[in-house]
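Q: Coordinates for the following, if possible.
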Amino acid sequence: MKKLPPDPSRRTLFKAIGALGATGATSGLLSACNRSPGFDRASLTFTEVPHGLDASHHLPEGYRADVLLRWGDPIEAGAGVFDPEGLTAAEQQQRFGYNNDFIAFMPLAEDAGPGDGDRHCRSDSSKRGLLCVNHEYTQPHLMFPGYNDEYSATRGVSAEHVAIEQAACGHAIVEIEKTPAGWQAVLDSPYNRRITLGTEMDIVGPAAGDPRLQTAADPSGTRVFGTVGNCAGGKTPWGTVLIAEEGFGGAFQGDPDAIADPVEARNHHAFGIAPDNRNWGDHDPRFDIGVEPHEPNRFGWMVEFDPYDPESRPRKLTTLGRFEHEGFTLACKPGQSVVAYGGDDDEGQFVYRFVSAEAYRPGNHRANRNLLTAGTLFAGQFNADGSGRWLPLIFGEGPLTPENGFRNQADVLVDVRRAASLLGATPMDRPEDVETNPVNDCTYVMLTKNKRRGADDTNAANPRPRNAAGHVLEIVPPGRDGERDHTSDIFRWHTFLLGGNPNAEDPNERGAYGQQVTGAISPHGWFANPDNVAFDHAGNMWVATDGCEDFGFHDGLWAMATEGELRAAPKHFFGCPQGAEVCGPEFTPDGTTLFIAVQHPADGGRSSFDNPMHRWPDNDPALPPRPSVLAISRKDGGVVGS
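A: Down below sits the predicted model:
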């Protein structure tokens, strides 16, 4: 492919990185995405929030944050007042779940009802919509009295508490509307529902029906109950929502070495299944691998569902591979294959791309809804010279053969981590969110951290040993701006920024940002551990973090331009209450509301239900701290960030 011209400003950034140049990081400091027409480099005019750490959340002057949904809030009329000590599993099914993560705002058309997804897909309403929210995992020590921190994932939990936890996981679909008093949930909406570990789902794609997905309860290998570990996700232009299954291994207990099949024993070890995991298996045998060794193979997929049809059944997409999905996000262009990008959120794992077999046809929602069921999954290879290649994960090609233990394409997709490693994909520093900027059409990879990486194990795309602060990569497909070809198997990549304090003495801990080019770096602008990402209409990147408390201040949300003089120049927009992280930033179509999920507030140390470090957001002595979704807006009604 044609090489892009070098950008002198990136050479300046290279000097700021210093000793990292010897690792091959120069490949990440060359040309960037080209400036797009109409790109507003000066659109981020809010006053920065200072670094801090306390029991409150923090916003720029002139903004407000309304608590929209909290754990335990009713999503159905008649659910009543939340009483955490009197909560039952049946009641939790009618309430907002725990540890909210990914958020999708799906507009509702005024003239359409449930099941009329086509008309809803054509709506750009910013005053009424469905808020679709993941509930990633539970923390019993913060949910129930009588627990301590260590007790949260060990033995001794009652059957009723396990049932409540399982009902608090999964996903929530809640209709919301913007009123003069702010955003509110519509409790009598026919759209409102919970997706939990009791929700029946279809398994589709190449691995559906394979013996490795068959169980005593489902000998067909095509039906499964529920989803767990739901971290990030994605949206489709045909009106469906994608939700990821990430840390599913922790839901299962048992000794992998006691499994008769060595293939499954290796598989279970890879996902952290162990005898001392949480004890759900004591009360729900399908989570005990000694009883049902194939049940874990039915988790670790991407789930697609239709929020506009409450009667529809979600489905697990085996085409997108089985690993610890952070999420998959789409790049869709008329008449071309759909491309989806995702990351495997673990140290030394890989970045993936999926290319659909059929082309995307705008407006043909019935046909488009099968686009993610057939196609090819690829793993990313990031070369030292700044080039990259997508390696196809296809049974029978290269090392993916019976000689290496693969029987068919189902094996490749169930054991996709091993397949990617055999192909020579690049091990990354915990790839989390991977999203495409709609303005410059480049794709950005959030690499949260990797403290396990040794000095002799670095590579150009992951240049720091014991990477505690993380970094962000930029993937540039061939082409220009909106004409980039995401289906091409080659790309260029660059280091967009390195997380951490830019004034750190140790070069391996020193952050590098675009602000160093202008000399305008702020003491509050640097951050660590990028996790989730979103883009506004100007193409600005909004990064949510998970781990800044290790550096002495709260996690939060930072915004920055992706082009121009202020490229990779973060500004601190939101600060979390202590113990929490921000997840799932999502804008309304008009940009006047930003939804964020604040997860696990007051977690850490010896904090517990009985003795929490604080009680955000209610600050009520009768209530524990509660994960919550906030609706952030400007007090004057303008576009968020400007």
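Q: which one in this structure is furthest away from the centre?
A: Note on the chain: the largest C-alpha distance from the chain mean falls to residue 403, namely 35.0 Å (CA atoms, centre = their mean).
Q: Surely that residue is in a helix?
A: Yes: assessed by DSSP: H, G, I helix; E, B strand; the rest coil, residue 403 belongs to a helix.
Q: so who does it touch?
A: If a contact means CB atoms under 8 Å, 6 or more residues apart in numbering, then residue 403 has no contacts. All C-beta atoms are positioned from the backbone trio N, CA, C, and that covers glycine.
Q: Doesn't residue 549 belong to a strand?
A: No: Residue 549: not assigned to a strand; according to three-state DSSP it is helix.
Q: pretty sure it contacts residue 575?
A: No: using CB atoms under 8 Å, residue 549 is not in contact with residue 575; the gap is 11.1 Å.
Q: quick one: which of those two has more around it?
A: Using other CB atoms under 10 Å, the more surrounded residue of residue 549 and residue 575 is residue 575, with 25 against 20.
Q: Over to that one: give its phi and psi.
A: Residue 575 has phi and psi values of phi -120, psi 140 when expressed as degrees, to the nearest 10.
Q: With adjacent residues omitted, what lies nearest to it?
A: Nearest residue to residue 575, sequence neighbours excluded (CB to CB, 6 or more residues apart in numbering): residue 58, at 3.8 Å.
Q: and that neighbour, how many neighbours does it have?
A: Counted with other CB under 10 Å, the neighbours of residue 58 add up to 19.
Q: How much space separates it from residue 614?
A: Residue 58 is 14 Å from residue 614, where distance means CB to CB, to the nearest Å.
Q: do the same with residue 43
A: Distance from residue 43 to residue 614, by CB to CB: 34 Å.
Q: Same check on residue 470?
A: Per CB to CB, residue 470 is found 27 Å from residue 614.
Q: Just the strands from the stretch 451-600 of the chain, written as ranges.
A: Per DSSP state E, counting those that start in this stretch, the stretch 451-600 of the chain carries strands over the ranges 471-476, 490-498, 530-535, 541-545, 556-560, 571-575, 581-587, 593-599.
Q: Could you list the single helix or strand in this structure with the lowest mean pLDDT?
A: Lowest by mean pLDDT, DSSP states H and E among the helices and strands of the chain is helix 8-17, with a mean of 36.
Q: Could you look up the SS state of residue 633?
A: Here residue 633 is recorded as strand under three-state DSSP.
Q: Thought residue 63 was touching it, still the case?
A: Yes: at 7.0 Å, residue 633 counts as touching residue 63 under the criterion of CB under 8 Å.
Q: List the residues that are in contact with both of those two.
A: With contacts defined as CB under 8 Å, 6+ apart, the residues adjacent to both residue 633 and residue 63 are residue 640.
Q: partners of residue 241 in the sheet?
A: When bridges are called by DSSP bridges, residue 241 pairs up with residue 235, residue 305.
Q: and the gap between it and residue 90?
A: 25 Å.
Q: quick revisit: nearest approach to residue 117 belongs to which of the strands of the stretch 451-600 of the chain?
A: The minimum distance between residue 117 and those falls on strand 581-587, with 19.2 Å, by CB to CB.
Q: okay, that closest one in PDB with CA atoms only?
A: Presented in PDB, the C-alpha positions along strand 581-587 are these (Å, rounded to 0.1, in the frame of the first residue of the first chain):
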ATOM      1  CA  GLU A 581     -14.400   3.600  37.300                       C
ATOM      2  CA  VAL A 582     -16.300   5.200  34.400                       C
ATOM      3  CA  CYS A 583     -17.700   2.900  31.700                       C
ATOM      4  CA  GLY A 584     -19.700   3.100  28.500                       C
ATOM      5  CA  PRO A 585     -19.700   6.800  27.500                       C
ATOM      6  CA  GLU A 586     -22.500   7.400  25.000                       C
ATOM      7  CA  PHE A 587     -23.900  10.600  23.400                       C
END
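Q: Between residue 549 and residue 575, which contacts overlap?
A: residue 555.
Q: The residue most central in space within the chain: what's its closest spatial neighbour, skipping adjacent residues?
A: Central residue of the chain (CA atoms, centre = their mean): residue 232, 2.6 Å from the mean position. Take residue 232 and drop its neighbours on the chain: the residue closest to it by CB to CB, 6+ apart is residue 327, 3.1 Å away.
Q: is that neighbour in a bridge, and if so with what?
A: residue 343.
Q: Same check on residue 378?
A: According to DSSP bridges, the residues that bridge with residue 378 are residue 353, residue 392.
Q: what's the neighbour count on it?
A: Using other CB under 10 Å, residue 378 has 25 neighbouring residues.
Q: Start at 719, not 1
A: With the count now opening at 719, the last piece we talked about shows up as residue 1096.
Q: ok, it - contacts?
A: By CB under 8 Å, 6+ apart, the contact set of residue 1096 is 1070, 1071, 1072, 1073, 1108, 1109, 1110, 1111, 1207.
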